[in-house]
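> Dropping a prediction and its sequence here:
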Amino acid sequence: MEKKRFKFVIPVMVIVAIGSVYMLRNYYAEVPELDQLLITICATLVSGVLAYFLFPQQGEHKIDDRGPY
């Protein structure tokens, strides 16, 4: 795995984790704490996987300089 991708993936995961804890504690307090924990973990992992595949890697998209035929 490339370190350049993790510059984007880790902050996205942290932001999602903090946001989900904040929203679950303030707006959905009736949800049991175990379920809140599971929701936060799943949301963090899914956002990390999506960010890993959606953020481009350096040199991934090479432009063809040969021009039209």
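Structure received.

> What is the longest helix along the chain packed up against?
Ranked by residue count and defined by DSSP state H, the top helix of the chain is helix 3-27. When contacts are defined as 3 or more Cβ pairs under 8 Å, 6 or more residues apart in numbering; DSSP states H and E, helix 3-27 packs onto helix 33-54. All C-beta atoms are positioned from the backbone trio N, CA, C, and that covers glycine.

> can you pull the buried residues of the helix it packs on?
36, 39-40, 43-44, 47-48, 51-52 (16 or more other Cβ atoms under 10 Å).

> Now render these as TSV, adding distance to Ile15.
Shown next, in TSV, are the buried residues of helix 33-54 (distance: Cβ to Cβ, whole Å):
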residue	distance to Ile15
Gln36	17
Ile39	16
Thr40	12
Ala43	11
Thr44	10
Ser47	8
Gly48	11
Ala51	10
Tyr52	15
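
> one step back: now the longest helix of the chain against helix 33-54, angle please.
150 degrees (axes from the mean of the first three to the mean of the last three Cα atoms, to 10 degrees).

> and helix 3-27, which residues are buried?
Buried residues in helix 3-27 (16+ other Cβ under 10 Å): 5, 9, 12-13, 16-17, 20-21, 24.

> rewinding a little: kindly reformat the buried residues of helix 33-54 as CSV containing distance to Glu30 and pLDDT.
Converted to CSV, the buried residues of helix 33-54 look like this (distance: Cβ to Cβ, whole Å; pLDDT from 0 to 100):
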residue, distance to Glu30, pLDDT
Gln36, 10, 96
Ile39, 13, 97
Thr40, 16, 98
Ala43, 18, 97
Thr44, 22, 97
Ser47, 24, 97
Gly48, 28, 95
Ala51, 30, 93
Tyr52, 33, 91
